[in-house]
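following is a predicted model, sequence given first.
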Amino acid sequence: MKCSMCERKAIYFNGKAYLCKEHFIEYFESKVLDTIKKYELIKEGDRIGVGVSGGKDSTSLLYFLNKYKDYLGIEVIGIHIDEGIEGYRNILTEFLLDLAKKFDWKIKIYRFKDYFDYNLDDYVKRIKKLKPCTICGVFRRWLMWKASMDLELNKFATAHNLNDEVQTILMNMIENNRKDFAKEGPKVGIIEEGFITRIKPFYFIKEKETLIYSIINGINPPWAECKYIFGEIRDDLRRWLYKIESEYPGFHENFIKESLDIVFKAKKDFPKVKINKCKLCGYPTSREICRACEIKNYLN
Ligand SMILES: [Zn+2]
Ligand SMILES: [Zn+2]
């Protein structure tokens, strides 16, 4: 098949047109720039931390923001959290550091071991009543907050894509969690004081599209999968949604368009909450002692 815009060979059909490599990059990047503009994600002078796991989505986001940082007038720092999952994280950390060298990206690494005394693997072995993803999520959010203070960031960008967002919104619906809708959408940061704004420039990008983008740009990571994801509802949902999308192309885009109305309504219904600071570490929380300190103390 030929590209709809030129004579070259097409590599992707975006639902409207066939695109060659060059026109795919143009389509992808202008879609992200449109999202940034429409939802006012980025302002000139922003100092943006980018959560980068070393997976295809986050390396693509770091690549994109570095490519456009002068155009957008921003500073970009990759924040890599090493939770210490053997046979997974170490592979991606090494891969990411190689890319950073090649492209001259700024990266800062935060390790669970340095801040919480042990790796996630050790926590999982010793705390049975909490799921690995729960412990990991609590520590991860704490380190994102820590990085935003240390590095004086004013925004934090994550590589959540269209597929991730549909999964999250469905999970909120399954759990009837109306308040959490206020935490979704391309721009978050209105619900709790003490946290910087979180932005998702890939909000309308399909997972398949970041995969192609990462391959074309030579930043596609080696295969590595987290061993703790199995049995999580998100994993089941992801597989189920893939099946639906293949039978009903465009399902994800239609679903997110409808859901954004609920998200923006929730942001109005649940305005900014005033919260305290953790007595031990200063982390913004409604409790006396934050969850991260609680879990850390439990093990020590
Ligand atoms: Zn073309
Ligand atoms: Zn704390």
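Great, that's in hand. Ligands and ions are numbered 1, 2, ... in the order given.

which residues touch the spatially closest residue to residue 148 that is not a sequence neighbour?
Once flanking residues are discounted, residue 148 sits nearest to residue 196: 4.9 Å by CB to CB, 6 or more residues apart in numbering. From N, CA and C alone the C-beta is placed, and that goes for glycine too. Residues near residue 196 by CB atoms under 8 Å, 6 or more residues apart in numbering: 148, 153, 154, 155, 156, 189.

repeat that with 10 Å
Neighbour list for residue 196: 47-49, 144-145, 147-149, 152-156, 189 [criterion: CB atoms under 10 Å, 6 or more residues apart in numbering].

among these, who's most crowded?
Within the contacts of residue 196, most neighbours by other CB atoms under 10 Å means residue 49, with 26 neighbours.

what's the pLDDT at that one?
pLDDT, residue 49: 97.

report the beta-bridge partners for it.
Beta-bridge partners of residue 49, counted by DSSP bridges, are residue 77, residue 156.

that one touches residue 81, doesn't it?
No. Taking contacts as CB atoms under 10 Å, residue 49 lies outside contact range of residue 81: 11.0 Å.

quick check, the residue in the stretch 101-250 of the chain closest to ligand 2?
Of all residues in the stretch 101-250 of the chain, residue 142 sits closest to ligand 2, at 7.4 Å by CB to the ion.

please identify which helix or strand holds that residue.
For residue 142, the host element (DSSP states H and E) is helix 132-150.

same question, residue 22
Going by DSSP H and E, residue 22 is part of helix 21-38.

ok now that helix, how far from the chain's centre?
18 Å (CA atoms, centre = their mean, to the nearest Å).

buried residues in it?
Buried residues in helix 21-38, defined by neighbour count with 16 or more other CB atoms under 10 Å: 21, 23, 24, 27, 28, 31, 32, 33, 35, 36.

of those residues, which are in range of ligand 1?
Contacts with ligand 1 within the buried residues of helix 21-38, as defined by CB under 5 Å from the ion: residue 23.

quick one: which of the buried residues of helix 21-38 is nearest to residue 259?
Nearest to residue 259 among the buried residues of helix 21-38: residue 35, at 15.5 Å, using CB to CB.

picking up where we left off before, list residues touching both of residue 49 and residue 81?
In contact with both residue 49 and residue 81: 108, 144, 147, using CB under 10 Å, 6+ apart.

rounded mean pLDDT for stretch 61-72, please.
Rounded mean pLDDT across stretch 61-72 is 98.

that one: which residues count as buried?
Applying 16+ other CB under 10 Å to stretch 61-72 flags 61, 62, 63, 64, 65, 66, 68, 72 as buried.

what does stretch 199-212 give?
199, 200, 201, 202, 203, 204, 205, 206, 207, 209, 210, 212.

got JSON lines for the residues you listed, with pLDDT too?
Listed next are these as JSON lines, based on pLDDT from 0 to 100:
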{"residue": "199", "pLDDT": "96"}
{"residue": "200", "pLDDT": "97"}
{"residue": "201", "pLDDT": "98"}
{"residue": "202", "pLDDT": "98"}
{"residue": "203", "pLDDT": "97"}
{"residue": "204", "pLDDT": "97"}
{"residue": "205", "pLDDT": "97"}
{"residue": "206", "pLDDT": "95"}
{"residue": "207", "pLDDT": "93"}
{"residue": "209", "pLDDT": "97"}
{"residue": "210", "pLDDT": "97"}
{"residue": "212", "pLDDT": "98"}
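
so which of these sit within strands?
residue 199 (DSSP state E).

pick the one among the buried residues of stretch 199-212 closest to ligand 1.
Closest to ligand 1, out of all of the buried residues of stretch 199-212 and judged by CB to the ion, is residue 212, at 14.0 Å.

count the residues that sit near the nearest residue to the closest one once chain neighbours are set aside.
Excluding its sequence neighbours, the residue lying closest to residue 212 (CB to CB, 6+ apart) is residue 12, at 5.9 Å. Other residues within reach of residue 12, judged by other CB under 10 Å, total 20.

what do you get for the one 3 residues further on?
Neighbouring residues of residue 15 were enumerated by other CB under 10 Å; the total is 8.

for ligand 1, what's the nearest residue on the stretch 201-300 of the chain?
Counting by CB to the ion, the stretch 201-300 of the chain gets nearest ligand 1 through residue 216, at 12.7 Å.

ok, back up a step: pull the CA atoms of the helix holding residue 22 into PDB?
Below are the C-alpha coordinates for helix 21-38, written out as PDB (Å, rounded to 0.1, in the frame of the first residue of the first chain):
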ATOM      1  CA  LYS A  21       7.400   6.600   7.900                       C
ATOM      2  CA  GLU A  22       7.900  10.300   7.500                       C
ATOM      3  CA  HIS A  23       4.200  11.100   7.400                       C
ATOM      4  CA  PHE A  24       3.600   8.900  10.400                       C
ATOM      5  CA  ILE A  25       6.100  10.900  12.400                       C
ATOM      6  CA  GLU A  26       4.400  14.100  11.200                       C
ATOM      7  CA  TYR A  27       1.000  12.700  12.100                       C
ATOM      8  CA  PHE A  28       2.100  11.500  15.500                       C
ATOM      9  CA  GLU A  29       4.000  14.600  16.600                       C
ATOM     10  CA  SER A  30       1.300  17.100  15.400                       C
ATOM     11  CA  LYS A  31      -1.300  15.000  17.300                       C
ATOM     12  CA  VAL A  32       0.700  15.400  20.500                       C
ATOM     13  CA  LEU A  33       1.400  19.100  19.900                       C
ATOM     14  CA  ASP A  34      -2.400  19.600  19.300                       C
ATOM     15  CA  THR A  35      -3.100  18.000  22.700                       C
ATOM     16  CA  ILE A  36      -0.500  20.200  24.400                       C
ATOM     17  CA  LYS A  37      -2.100  23.300  22.900                       C
ATOM     18  CA  LYS A  38      -5.800  22.400  23.300                       C
END
